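Colleague: Okay, here's the prediction I keep looking at, along with the sequence it came from:
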Amino acid sequence: MSEPLRIGFIPLVDAAALIVAVDKGFAKAEGLDVTLVREVSWSNVRDKLNIGLFDAAHLLAPVAIASSLGLGHIKVPIAAPFNLGLNGNAITVSPALHAAIMGEIEGDRFDAMATAVALARVVANRKKAGAEPLTFGMTFPFSTHNYQLRFWMAAGGVDPDEDVRLVVLPPPYMVDSLASGQVDAFCVGAPWNSVAVDLGIGHILHFVADILVRAVEKVLAVRQNWSEKNPDVLAALVRAAARAAEFIEQPENRAEVARILAQPERIGVDAEVIQRTLVGRLKISPDGTMRESGRYLLVGREGAARPEPVQAAWLYAQMVRWGQTAMSPEALKTAMGVFRPDLYDKALGRSAPTTQASDAIGAFAGPPFNPDDIAGHLAAFTIRHRKA
Amino acid sequence: MSAESSPKIVIVDESPIRAAILEEGLREAGFTGVVHISEMQSLLAQIFAVDPDVILIDLENPSRDVLEQMFQVSRAVRRPIAMFVDQSDAASIQASVEAGVSAYIVDGLKKERIKPILDLCISRFNAFAKLQDELDRTKSALEDRKVIDRAKGILMKVKGLTEDEAYVLLRSTAMREKKKISEIAQSIITASEMLK
């Protein structure tokens, strides 16, 4: 059997498990003939998956949920049987904003609460001086980047809808926009933060793991009805991706993985820059300051690949918090049902893990996340969307 | 159609030729308020300045994600825009995505007024793709002819053949190896360069 599959992806490091599955022949070994199609926008990936031009896709986890709920576009139920990556984003700020935050900070500069409070002071000072509000770039309305930025600044007292501007920018345009002063900061995935630092126009202020210990970033997404009609093909695809994730996480394979991802028709940036993000050792300032994190980007390790419905519930809670949808128990159930650990376990012949972390999200502020009482959980946050 | 009832349409396309083809089609159909945006910097600000009823964007444009933001209520978006999204639109969405274009429509504009715009847009995009395809094929045919001519020259010189004989040899080899004549010709050129 050789099952032809078309899979869409955006050139980002967290597409690694798909790219390696194809380019190392793991997909072929599973009897799959995969064509990877590089796309330029999340809207395109979503639409082409929804209407069947793609069989599967590298997709922002919140888009998989939004699509299943019919938020922002037509409703197409999605199944996500495999997490392609946890974390992996970073917040990069202009040298001017970096200096302003460092001028106001009290405490550790990698402590998200300390920087958020400092940001609130910078915002207040600008307001007093009559300056334009700060502008933050992120990749999509339904994106972890959007929610991570909002969660962080709101914890310090900055209302993301009132006190600053949040604008969507395609990842490849982020660096130029920071250089030209169109945005003062952005939250984006690898490799764009490193590109900005290398050009001397940005400082990486935070790895998003400073904000949330475990945040599902991208999922392998298929249409739910496709998953029902093609269970064997899907299981084969999950196995190929799992084998690739395992390969990627072996330290001795990282140089090879970076070379594969660096190819022009894949991500198309320097292998060395990609390798930094795989290893989690990044240059964070133009002066060469380095920072290392074991949680920068998780591809498969620490159980990262297994979809946890509680993660979907957290993302849904953010949609409610920021007014993208109204809280509804049915919608919550639908959102959680997008993440399919059952398909993951079945494909890999594994049983569900017996221990669960008490707080699967690990946010730096607010009470531990409780999917059974989202309204109560959100009530603990003073800054949230309010109906006009 | 009076100017007042003609919806304001913005075309976001970095290809000036395709945008011109589309714009012309829309004008011919009586849609007079058409503005073309080709500069992606501050795209939202440019769109807000025009304050359109309909926005058409090509799918090769990464800035499509920027437009998705207009569904949101936030400070960056002064007037939220909604695409007419109900399940019955799936067919038009499919046709437009396949043609390589997407439409964003201000909430409240009647569906029957959008349909002709979208249909026209899809047919013009398809026509442009066909043109582009023909152009590419003509280019590659020209390229092929150049390669075949060079290979014939090499065969004539090395094997002392006439032009016709050289061509027959190329063609019969291509048939035997189930390859294109231009591929055989290219390998002859490569081989002869290596043997130089």
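Modeller: Received it, and whenever you're ready, just let me know what you need. A quick note: this is a predicted structure, and the numbers were derived from the prediction, not measured.
Colleague: Name the nearest residue to whatever residue of chain B ends up closest to chain A, ignoring sequence neighbours.
Modeller: Per CB to the nearest CB, B:P62 is where chain B lies closest to chain A, at 3.5 Å. Any C-beta I mention is one placed from the backbone N, CA and C, and that applies to glycine too. In space, and not counting its chain neighbours, B:P62 is closest to A:P170: 3.5 Å by CB to CB, 6 or more residues apart in numbering or on different chains.
Colleague: and the stretch 51-200 of chain A, which of its residues are near chain B?
Modeller: Taking CB under 8 Å from any CB of the partner chain as the contact definition, the stretch 51-200 of chain A meets chain B at A:51, A:53, A:70, A:72-75, A:133, A:135, A:139-141, A:160-162, A:164-170, A:172-173, A:180, A:182.
Colleague: touching chain A at all, the helix or strand B:S140 falls within?
Modeller: In the assignment (DSSP states H and E), B:S140 maps to helix B:111-159. No: against chain A, helix B:111-159 shows no contacts by CB under 8 Å from any CB, the least distance being 13.8 Å.
Colleague: show me where the stretch 51-200 of chain A has helices.
Modeller: Ranges of helices within the stretch 51-200 of chain A are A:61-69, A:95-104, A:112-129, A:144-155, A:171-179, A:192-198, based on DSSP state H, counting those that start in this stretch.
Colleague: Oh, that last question was meant for chain B, not what I typed.
Modeller: Assigned by DSSP state H, chain B shows helices spanning B:16-28, B:43-50, B:64-68, B:90-99, B:111-159, B:163-177, B:181-194.
Colleague: Strands of chain A, start to end?
Modeller: Remark: strands assigned in chain A by DSSP state E are A:3-9, A:32-38, A:56-60, A:78-87, A:89-93, A:135-138, A:165-168, A:185-189, A:203-207, A:216-223, A:281-283, A:290-292, A:297-298.
Colleague: Indicate the residue of chain A located nearest to chain B.
Modeller: For chain A, CB to the nearest CB, closest residue to chain B: A:P170, 3.5 Å.
Colleague: Apply the buried test to the residues of the stretch 51-200 of chain A next to chain B and list what passes.
Modeller: When those are checked for burial by 16 or more other CB atoms under 10 Å in any protein chain shown, the buried set is A:51, A:53, A:70, A:72-75, A:133, A:135, A:139-141, A:160-161, A:164-170, A:172-173, A:182.
Colleague: picking that back up, may I see the helices of the stretch 51-200 of chain A organised as TSV, with mean pLDDT added?
Modeller: Converted to TSV, those look like this (pLDDT from 0 to 100):
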stretch	mean pLDDT
helix A:61-69	97
helix A:95-104	98
helix A:112-129	97
helix A:144-155	97
helix A:171-179	91
helix A:192-198	94
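Colleague: Tell me which residue of chain A is positioned farthest from its centroid.
Modeller: Here chain A reaches farthest from its C-alpha mean at A:A129, the gap being 34.9 Å by CA atoms, centre = their mean.
Colleague: Skip the chain neighbours and tell me the closest residue to A:G268.
Modeller: Taking CB to CB, 6+ apart, and ignoring the residues beside it in sequence, A:G268 has A:P11 as its nearest neighbour in space, at 6.1 Å.
Colleague: That neighbour: what's it in contact with?
Modeller: The contact partners of A:P11, by CB atoms under 8 Å, 6 or more residues apart in numbering or on different chains, come to A:R38, A:R266, A:I267, A:G268.
Colleague: which regions of the chain lie under the pLDDT threshold?
Modeller: As the question left the chain open, I've gone with chain A. Scanning chain A for pLDDT under 70 picks out A:1, A:355-358, A:387-388.
Colleague: meant chain B actually
Modeller: For chain B, the ranges with pLDDT under 70 are B:1-5, B:73-89, B:106-111.
Colleague: domain assignment for it?
Modeller: B:9-134, B:138-194 (automatic domain parsing).
Colleague: And A:P341, how far from B:D144?
Modeller: 53 Å (CB to CB, to the nearest Å).
Colleague: Sorry, slip of the keys, the one I care about is B:S63.
Modeller: From B:S63 to B:D144 the distance is 37 Å (CB to CB).
Colleague: more neighbours, these two?
Modeller: Neighbours around B:S63 and B:D144, counted as other CB atoms under 10 Å in any protein chain shown, are more numerous at B:S63. The numbers are 22 against 16.
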